[in-house]
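Peer 1: 3D, please:
(chains A and B)
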Amino acid sequence: KAGVTQTPRYLIKTRGQQVTLSCSPISGHRSVSWYQQTPGQGLQFLFEYFSETQRNKGNFPGRFSGRQFSNSRSEMNVSTLELGDSALYLCASSLRSPFNEKLFFGSGTQLSVL
Amino acid sequence: QQPVQSPQAVILREGEDAVINCSSSKALYSVHWYRQKHGEAPVFLMILLKGGEQKGHDKISASFNEKKQQSSLYLTASQLSYSGTYFCGTAVLQGAQKLVFGQGTRLTINP
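Peer 2: A predicted model of the protein is given here:
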């Protein structure tokens, strides 16, 4: 079974630009969660999608958004990039809910904002 | 409602034991443990559910104290391969159903 795939692996953008990151979950998994990882901050929850609906959202500004498609693939978008958005963005999938199931993480997208 | 992990970092010699703690101010439904090696994705270790038993696998085990909203991860006779950053994730009983992770504990095992 293929694992969670995230693309691209690396991104370099400048302030003010926008970016779209992609995540393909494990086949059969319907829940996709997104996390931002920065040194010293651990894994900060962004949002979680299930069956094309956002079920939960973390404490991030509206510049961070996401969506999920009917095949469970998910994208997240960050508009008007700021220097502080530089981070590793991880997505994780599970069968139905991250609440009580094992999460499978992708390798992440390393975003650098210059 | 981010859980608090302690210690933030620990350095051990191979064969020594380690305990990593995770505490929350909210009533918890579940506690999750993951390990992340440098440059790699976090990898699942175990889940402890409210009302469940202490979990364990080989020399890594964990407990969940529901009254104190605390969990501890025990690494016995540590091996070099145990090095990495350990994250606990918590899901609260009431409110939004989301898994929130602590800041991590960096574990270094030296020969």
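Peer 1: could you pull out the helices for chain B?
Peer 2: With DSSP state H, there are no helices along chain B.
Peer 1: write out the residues of it neighbouring chain A.
Peer 2: Applying CB under 8 Å from any CB of the partner chain, we find that chain B lies next to chain A at B:2, B:29-30, B:32, B:34, B:40-44, B:47, B:49, B:87, B:89, B:91, B:96-104. Placement of C-beta: from N, CA and C, glycine included.
Peer 1: same thing but 10 Å
Peer 2: Applying CB under 10 Å from any CB of the partner chain, one finds that chain B approaches chain A through B:1-3, B:5, B:8, B:29-30, B:32, B:34, B:36, B:39-47, B:49-50, B:85, B:87-89, B:91-92, B:95-105.
Peer 1: just the buried residues of the residues you listed.
Peer 2: When the residues of chain B next to chain A are checked for burial by 16 or more other CB atoms under 10 Å in any protein chain shown, the buried set is B:2-3, B:5, B:29-30, B:32, B:34, B:36, B:41-42, B:44-47, B:49, B:85, B:87-89, B:91-92, B:97-105.
Peer 1: low pLDDT regions in chain B?
Peer 2: B:52-57 (pLDDT under 70).
Peer 1: ranges for the strands of the chain?
Peer 2: Going with chain A. A:5-7, A:10-13, A:19-24, A:31-38, A:42-50, A:53-57, A:64-68, A:74-78, A:87-94, A:104-105, A:109-113 (DSSP state E).
Peer 1: should've been chain B
Peer 2: Going by DSSP E, chain B shows strands at B:4-6, B:9-13, B:18-23, B:28-36, B:43-49, B:55-57, B:60-65, B:70-75, B:84-92, B:100-101, B:105-110.
Peer 1: and the angle from the fourth one to strand A:31-38?
Peer 2: Read it as strand B:28-36. 60 degrees (axes from the mean of the first three to the mean of the last three CA atoms, to 10 degrees).
Peer 1: what helices or strands is strand B:28-36 leaning on?
Peer 2: strand B:18-23, strand B:43-49, strand B:60-65, strand B:70-75, strand B:84-92, strand B:100-101, strand B:105-110 (3 or more CB pairs under 10 Å, 6 or more residues apart in numbering or on different chains; DSSP states H and E).
Peer 1: out of the strands of chain B, which gets nearest to residue A:29?
Peer 2: strand B:43-49 (13.4 Å; CB to CB).
Peer 1: and for that closest one, what's in contact with it?
Peer 2: Applying CB atoms under 10 Å, 6 or more residues apart in numbering or on different chains, the external contacts of strand B:43-49 come out as A:92, A:94, A:99-105, B:28-37, B:54-57, B:60-66, B:71, B:73, B:75, B:84, B:86-89, B:91.
Peer 1: got the angle between that strand and strand A:87-94?
Peer 2: Relative orientation of strand B:43-49 and strand A:87-94, computed by the same axes, to 10 degrees: 60 degrees.
Peer 1: measure how buried residue A:114 is and give me the count.
Peer 2: Per other CB atoms under 10 Å in any protein chain shown, the neighbour tally for residue A:114 reads 10.
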